[in-house]
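Chemist: Got a predicted model here, sequence first, then my questions.
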Amino acid sequence: MPHLKALAVASDLVTPYGWGIEACWQGLLSGKTAIRPLERFSTGHLLTGKAATIPGLKVISPDESLVMQMLTPLLRKASGLIPADALVILATTTGEIDFLERSVIEGRASAGESRLDCLLGKVVQLAGSARPGIIISAACVSSSTAIARAASQIRDGVDDCLLVVACDSVSEFVMAGFSTLMALDKDMARPFDQNRGGLSLGEAAGFILLMSEERAMRENRPVIGEIAGWGLTSDANHMTGPSRDGRGLALAVEKALRSAGLPDDSVGSIAAHGTGTVYNDAMEMKAFKRIFTNQAIPTYSIKGGTGHTLGAAGLVEAIVAFRSLQEKVIPPTVNMRCVDEEAKGWVSPQPQPFNGQVTVSTNSGFGGLNAALVLKV
C-alpha cells in the first residue's frame, strides 16, 4: 500500500473579514470581530440580531444563491491553477438554502434547486473539472472530513489531485434553528471565556487544492503545507451536544497523531473548534488535556472573529492554521475577556508566538461527530 504525502498547493477564501487570506489573517490579528448587526433579514423573533456576514453579500437575483456569489469569484480567479483531472469534494451543511427559503416564504424559486447535488454540478463546472465530484455534508465537521478524505485518497494512491471546496451562508432558516436550540449568544460569541453564552453564526467559502508530493514537485507547485494526519470519531452522545468528558474528540486527536506518525510533543499549537458554547469549549479543553499532558499548548479559536461558518469552518481554520504555522504566531481568541479557568495557560486574547512545525486543528458537530487534522509545514 502506498504511503504518499498530501500537500496543499493552493488555497483561497472569503470570510466576514473580506476577500482573501490576508484580509482574514490581518482581521484576526487585529483582535477585532467581524460579527455585526444583521441586515439581511428581520431578526426580531430570534435570540440575537448579530452574525458575521460578508460585507456586500446580499440577494441580488432570484437565480443566484449566496454561496455561489462567494464561490464564483474564488474559483474563476483560480481557474488556471486547477487541473481538469482534479476530483472535487464539496463540503457544506445547507448549500443553497436561500432557494428553499424563497420557495417557502416568498413562493419564488423551486425548492429542488437547493439540493446539494445541484450545487455540486455548478462547483464542478466552475472548477473546470472533468470528473463528477462528491459531496460531504457532516454538520460542522464537513470540511475537515472532506480534507481528511482527500488526503487519504492521495496517501493511498487512489488520486493525486483533489480540490476541496467548502461553503455555507447565514440564512434565516439556520439562524432560527440555532435560536430555537438556545445555542446563540445574545451579543457575540466569546470562545473559552468564563462568561460565554453561545455561538455566533458566520458565513464563508473557500478551497484547498491538494496534490501528491510527486505531482506537486513535477508541476513545480508552491507548497503551503502538508495534511500529515487525520482522525474521525463519533461519540454518539446526543443529537446536538458533545460528550461532556471530551473522550470522543480526544480519540480523534489521538488517531490523527497516530496517522501522522508524530508524538504529542511535536505539536506546537492547537486550532480549536471553540464555538463559544458552554459545553463545546469545556469538552475541548478536557480533550486536549487528556492528550497533551506534559505542558499547555498555545490554543486559539477564530469564531469570535469570523463567527461559526458551519460546513466551511474546518477549511477556513486549516487555511488560517497554515498561515499561523508560517508566521509562528497564533492569532488572539477574539472577544475573550475573562479566560475560563479550564483554558488558563492555553488560550489568550493576545497573539502568542510558538515553536514547532505542527498544528492540530479540531472540529466537532451535531450527532457527536469529531474531526482532527494534523497540519505540518
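Modeler: On my side now, so go ahead. Residues are numbered from 1 along each chain as shown.

Chemist: so where's the protein shaky on pLDDT?
Modeler: For the chain, applying pLDDT under 70 flags the ranges 1.

Chemist: Which parts of it are helices?
Modeler: Assigned by DSSP state H, the chain shows helices spanning 21-30, 66-77, 97-101, 116-127, 142-155, 172-180, 213-218, 247-260, 278-291, 303-306, 313-327.

Chemist: now the fifth one, how far from the centre of its chain.
Modeler: In this case it means helix 142-155. Helix 142-155 sits 13 Å away from the centroid of its parent chain (CA atoms, centre = their mean, to the nearest Å).

Chemist: Same question for the first one.
Modeler: A distance of 16 Å separates the C-alpha centroid of helix 21-30 from that of its chain, computed with CA atoms, centre = their mean.

Chemist: ok, and for that helix, which residues are buried?
Modeler: 21, 23-25, 27-29 (16 or more other CB atoms under 10 Å). No exception for glycine: its C-beta is placed from N, CA and C like everyone else's.

Chemist: any idea which of the residues you listed is closest to Leu210?
Modeler: Using CB to CB, the shortest approach to Leu210 within the buried residues of helix 21-30 belongs to Ile21, at 16.5 Å.

Chemist: can you pull the contacts of that closest one?
Modeler: 11-13, 319-320, 323 (CB atoms under 8 Å, 6 or more residues apart in numbering).

Chemist: Likewise for Val278?
Modeler: Val278 touches 196-198, counting by CB under 8 Å, 6+ apart.

Chemist: and which of the contacts of Ile21 is nearest to Ala250?
Modeler: Once CB to CB is applied, the member of these that ends up nearest Ala250 is Val320, at 22.8 Å.

Chemist: Verify the stated contact: that closest one with Gly27.
Modeler: No - the pair Val320 / Gly27 is not scored as a contact, 10.4 Å apart, by CB atoms under 8 Å.

Chemist: What residue in the protein is the furthest from its centre?
Modeler: Gly107 (32.5 Å; CA atoms, centre = their mean).

Chemist: which residue is nearest the middle of the chain?
Modeler: The centroid of the chain falls nearest to Ala313 when counting by CA atoms, centre = their mean (1.7 Å).

Chemist: any idea how far it lies from Ala91?
Modeler: As judged by CB to CB, to the nearest Å, Ala313 and Ala91 stand 10 Å apart.

Chemist: again, but for Arg215
Modeler: For Arg215, the distance to Ala91 equals 22 Å [CB to CB].

Chemist: who has more neighbours, the two?
Modeler: For Arg215 versus Ala91, neighbours defined as other CB atoms under 10 Å are more numerous around Ala91 (32 against 18).

Chemist: beta partners of that one?
Modeler: Ile136, Ala166 (DSSP bridges).

Chemist: From here on, call the first residue 20.
Modeler: Sure, I'll start numbering at 20, so the last one becomes Ala110.

Chemist: just checking, it touches Ser156?
Modeler: Yes - under the criterion of CB under 8 Å, Ala110 makes contact with Ser156 at 7.3 Å.

Chemist: joint contacts of the two?
Modeler: Both Ala110 and Ser156 are contacted by Gly330, under the criterion CB under 8 Å, 6+ apart.

Chemist: Number of residues surrounding Ser278?
Modeler: Ser278: 20 neighbours (other CB under 10 Å).

Chemist: who's in contact with the residue nearest to it when sequence neighbours are not counted?
Modeler: Spatial nearest neighbour of Ser278, excluding adjacent residues (CB to CB, 6 or more residues apart in numbering): Gly248 at 3.6 Å. By CB under 8 Å, 6+ apart, the residues touching Gly248 are 275-281, 392-393.

Chemist: Just the buried residues of these.
Modeler: Buried members of the contacts of Gly248, scored by 16+ other CB under 10 Å, are 275-276, 278-279, 281, 392-393.

Chemist: which two from these end up farthest apart in space?
Modeler: Leu281 and Leu392 (12.3 Å).

Chemist: Hmm, Ser367 is touching Pro351, no?
Modeler: Yes - judged on CB under 8 Å, Ser367 makes contact with Pro351 at a distance of 6.6 Å.

Chemist: Find the nearest non-adjacent residue to Gly386, please.
Modeler: In space, Gly386 is closest to Ala158, 6.1 Å off (CB to CB, 6+ apart).

Chemist: which one of Ser367 and Pro351 has more residues nearby?
Modeler: Here Ser367 and Pro351 are compared on neighbour count by other CB under 10 Å; more neighbours surround Pro351, at 23 against 19.

Chemist: In contact with that one, which residues?
Modeler: 47-48, 50, 319, 367-370.

Chemist: where does it fall, phi/psi-wise?
Modeler: Phi and psi for Pro351, reported as degrees, to the nearest 10, are phi -70, psi 150.

Chemist: before we move on, back to that, make CSV from the buried residues of helix 40-49 and add distance to Leu138 to it.
Modeler: Output for those, formatted as CSV (distance: CB to CB, whole Å):
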residue, distance to Leu138
Ile40, 23
Ala42, 25
Cys43, 23
Trp44, 28
Gly46, 27
Leu47, 28
Leu48, 32
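
Chemist: That's all I had, so thanks and see you.
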